[in-house]
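Undergrad: pasted the sequence and its predicted model underneath.
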Amino acid sequence: LKDCGRIAENVNDESLTLPPFRQKLKTAKEHTDMNLKVKAVLDPAFQPMSVLLRDYSAAVQAAKSQKLVVSIVRNQGYTSSYAMDVFADDTGHDEENIRVIERVVKTLLWIKGGYKIVISGSKVIYDAIAEAYKVGGARDFDNDFMSGVYERPFEVEYIEKAEDAPATHEAAAPVGRHLDGCRIGFDAGGSDRKVSAVVDGETVYSEEVIWHPKKNSDPHYHFDGILDAFKTAASKMPRVDAIGVSSAGVYIDNKAMVASLFIEVPKTPENFEFTKNIYLNAAKALDPNVPIEVANDGDVTALAGAMDLNDDSVLGIAMGTSEAGGYVDASGNITGWLNELAFVPVDANPDAMRDEWSGDVGCGVKYFSQDAVIKLCPAAGIDLPEELTLAEKLKFVQNLQAQGAPRTRGIYETIGVYFGYEIAYYAMFYDIKHVLIMGRVTSGTGGVLLLAGAVILAIRLRGDKQDNAPEAATDAPKEQETPDAPEKE
């Protein structure tokens, strides 16, 4: 942070001024250069979503407009509604409306999660979204993923008037922060499982056991490992009052809907039912009367950060194999949202890199993960040995950075610019006071450069947003605190 401050002091006042909004939003073909004051040095075609949306909003305000509400409906009828002004239908701006709103819908869907999109206030926009999200449409992946998670057919619904849109109905859970009594904490990792026995906030036992869930096709292997951990922790306490579980994946009502731990388990209806209820059934096997809460590891990390900061409104982001997210709201609660930031748009450039899994372009997985480092290597003049795995390629670049190779600097500075602009975009959908970043991509001196780029950009955006800007609070990895790091870093 001290290094970031020194860099920021050298930024003159003129460069802190954000570019003015253009009077008219350009088409995708014309929109190849946003004339950004802060550019992604190795990705000159980068088009931040935050700037696209601000330009669009300014253009709408200067034209004939109408109100639009996008609502996302998920389990138990919980609904998140997002209102905004758009160009009036059939006024020559339908293409611009569709381009921007399709990205906003995608953002809301992967932040909130849900099986239904409701478009209120524009038939033109509804028709385009319905076409994109139908089976076999451009967003077929999203349709299939969400219908599987929520076990409901995916829907896109139209309501004529924006004022008749569904009201927001949320139910954040006050999970965590409870330290009284006898509690079990369990973390299901891909290579090890950790369990702790906690009595009135004091850890009385903790163990870490190597296991191989991603290599085993029998789901009973996973169940036995989980139950064994529960029993071991329970044996160290006079009773068990509650169990808390943290694991990567998508969890709805304490059920594992999508989890990489079961990647080798054959996809049959019977196996899905078994793995879906695996934590609930393991808790019942220990004691049918003990309550259990299962949460995504990103949410748990954000909660831990909120507890450490003694504050709320914390967005946690991990940059590793993919991009993972978690969020604690203004009440200090976990929201039950998906927070699958890997699929949230980052870059509005239609020629941005495509994600192999979802088939979409410009999404977080290619900007805040090991993929981001690898994709920028050619522009940095770095040839990566083809025989290396993705993780080994990241390590290869990190070793070059640690040795002071100048070519790697642009990679981390570029990701820092990506991140600074994306925080501004996230802040349009999250109430953020603090951003907590972690993960392999942020380790070492490269993480310092990444953080510096994001902090400088946040300073410039703050000059525009005034008091509405989120804090540039981060959890820098310990490797970045090495006292004998070269002064130039």
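TA: That came through, no problem.
Undergrad: surely Val441 and Ser369 touch.
TA: Yes: contact criterion CB atoms under 8 Å: Val441 and Ser369 qualify, at 6.5 Å. Backbone N, C-alpha and C define where each C-beta goes, glycine included.
Undergrad: residues that sit against both of the two, list them.
TA: Overlap of the contact sets of Val441 and Ser369 (by CB atoms under 8 Å, 6 or more residues apart in numbering) consists of Met319, Gly320.
Undergrad: show me where pLDDT drops low in the stretch 351-489 of the chain?
TA: For the stretch 351-489 of the chain, applying pLDDT under 70 flags the ranges 461-489.
Undergrad: and the helices in it?
TA: Ranges of helices within the stretch 351-489 of the chain are 370-380, 390-402, 409-426, 444-465, based on DSSP state H, counting those that start in this stretch.
Undergrad: mean neighbour count, those helices: which tops it?
TA: Mean neighbour count (mean count of other CB atoms under 10 Å) peaks for helix 409-426 among these, with a mean of 25.
Undergrad: all helices in the stretch 1-150 of the chain, in order from the N-terminus.
TA: Under DSSP H, counting those that start in this stretch, the stretch 1-150 of the chain gives helices at 2-9, 49-61, 94-112, 123-132, 140-150.
Undergrad: please identify the most buried of the ones you listed.
TA: helix 94-112 comes out most buried of those by mean count of other CB under 10 Å, with a mean of 22.
Undergrad: now that one, how far from the centre of its chain.
TA: Once both centres are worked out by CA atoms, centre = their mean, to the nearest Å, helix 94-112 turns out to sit 17 Å from its chain's centre.
Undergrad: which other helices and strands contact it?
TA: Packing partners of helix 94-112 (3 or more CB pairs under 8 Å, 6 or more residues apart in numbering; DSSP states H and E): helix 49-61, strand 65-73, strand 79-87, helix 123-132, helix 140-150.
Undergrad: if you set the cut-off to 7 Å instead, what comes out?
TA: If you count contacts as 3 or more CB pairs under 7 Å, 6 or more residues apart in numbering; DSSP states H and E, helix 94-112 packs onto helix 49-61, strand 65-73, strand 79-87, helix 123-132.
Undergrad: taking helix 444-465 as reference, get the angle to the first one.
TA: If you take axes from the mean of the first three to the mean of the last three CA atoms, to 10 degrees, helix 49-61 sits at 20 degrees to helix 444-465.
Undergrad: could I have helix 49-61 exported to CSV, CA atoms only?
TA: Extracted C-alpha coordinates of helix 49-61, given in CSV (Å, rounded to 0.1, in the frame of the first residue of the first chain):
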residue,chain,number,x,y,z
MET,A,49,-18.3,-2.4,-18.5
SER,A,50,-18.4,0.4,-15.9
VAL,A,51,-17.6,3.0,-18.6
LEU,A,52,-20.0,1.5,-21.1
LEU,A,53,-22.9,1.7,-18.7
ARG,A,54,-22.0,5.3,-17.6
ASP,A,55,-21.8,6.4,-21.2
TYR,A,56,-25.0,4.7,-22.0
SER,A,57,-26.8,6.2,-19.0
ALA,A,58,-25.6,9.7,-19.9
ALA,A,59,-26.8,9.3,-23.5
VAL,A,60,-30.2,8.0,-22.4
GLN,A,61,-30.7,11.1,-20.1
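Undergrad: now the helices and strands packed on helix 94-112 in CSV, with distance to Ser322 and mean pLDDT?
TA: Conversion of those to CSV gives the following (distance: least, CB to CB, whole Å; pLDDT from 0 to 100):
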stretch, distance to Ser322, mean pLDDT
helix 49-61, 18, 95
strand 65-73, 22, 98
strand 79-87, 23, 98
helix 123-132, 23, 98
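Undergrad: of these, which is nearest Thr389?
TA: Of all those, helix 49-61 sits nearest to Thr389, with 30.5 Å by CB to CB.
Undergrad: quick one: distance of that closest one to the chain centre.
TA: Relative to its parent chain, helix 49-61 has a centroid offset of 22 Å by CA atoms, centre = their mean.
Undergrad: now that helix against helix 94-112, angle please.
TA: Using the same axes, to 10 degrees: helix 49-61 against helix 94-112 is 130 degrees.
Undergrad: ok, what's across the strand from Ile184?
TA: Note on Ile184: beta-bridge partners by DSSP bridges are Ala197, Ile243.
Undergrad: what is the burial count for it?
TA: With neighbours defined by other CB atoms under 10 Å, the count for Ile184 comes to 27.
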